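Trainee: I would like the atomic coordinates for the input below:
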Amino acid sequence: MGKITVETCEIEGLKIITPAVFGDERGYFMETYNYNDYKAAGIDMEFVQDNQSSSRKGVLRGLHFQINFPQDKLVRVVSGEVFDVAVDLRPGSKTFGKWHGVLLSAENKKQFFIPKNFAHGFVVLSDSAEFAYKCTDFYHPNDEGGLKWNDPEIGVAWPLPEGMTEEDLIISEKDHKWGGIKEYTKNR
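Mentor: Below is the predicted model:
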């Protein structure tokens, strides 16, 4: 019980995990995390903090990272649907500045493993979504970093929620102020 399926991505280190789901007329059961299964899949991490957020349709959060205390993250959607994105910021990586996105939903139950030194963000496609994630380091409020969500150098192809335009997206003031990947690289 509790076995997982792991897909690798074109960006080394990113992994999409699909847990085994056991359902019947009563509903379903699944293990959302089992250390032994994840270790066998090459994700041997000590998670020290779990977070959960709730957002409404059209909210775009990101692209965020911690500068001096980077975190590995294991993310999933508890209710609703989001398009989740990771951008490679690893020094010397052959895919530096490249992004990968995955649709995460309560229905598909997929999880996305994002290693340290990636920027992370998501946009809510459903009426609302609850988003949960495990982190390997604690949140340090004075260590926040970010990239402009629509930086043309990165070129994330954000899907828009049905009936919305890019101008309708709900983005925090802080997320509007981040610079692009060129500025990030120049300031390193």
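Trainee: use CA for all of it now, contacts and neighbours both
Mentor: Will do.
Trainee: Which stretches in the protein count as strands?
Mentor: With DSSP state E, the ranges of strands along the chain come out as 4-8, 15-19, 21-24, 27-30, 49-56, 60-66, 73-79, 81-88, 99-105, 111-114, 118-124, 128-135, 144-146.
Trainee: Tabulate these in a markdown table, adding columns for distance to residue 172.
Mentor: As requested, the strands of the chain are exported to a markdown table (distance: least, C-alpha to C-alpha, whole Å):
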| stretch | distance to residue 172 |
| --- | --- |
| strand 4-8 | 31 |
| strand 15-19 | 27 |
| strand 21-24 | 35 |
| strand 27-30 | 34 |
| strand 49-56 | 12 |
| strand 60-66 | 8 |
| strand 73-79 | 21 |
| strand 81-88 | 17 |
| strand 99-105 | 21 |
| strand 111-114 | 23 |
| strand 118-124 | 12 |
| strand 128-135 | 17 |
| strand 144-146 | 12 |
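Trainee: These: which one's closest to residue 40?
Mentor: Residue 40 lies closest, by C-alpha to C-alpha, to one member of the strands of the chain: strand 4-8, at 9.9 Å.
Trainee: can you tell me which residues contact the residue lying closest to residue 83 once chain neighbours are set aside?
Mentor: Excluding its sequence neighbours, the residue lying closest to residue 83 (C-alpha to C-alpha, 6 or more residues apart in numbering) is residue 103, at 4.6 Å. Neighbouring residues of residue 103 by C-alpha atoms under 8 Å, 6 or more residues apart in numbering: 81-84.
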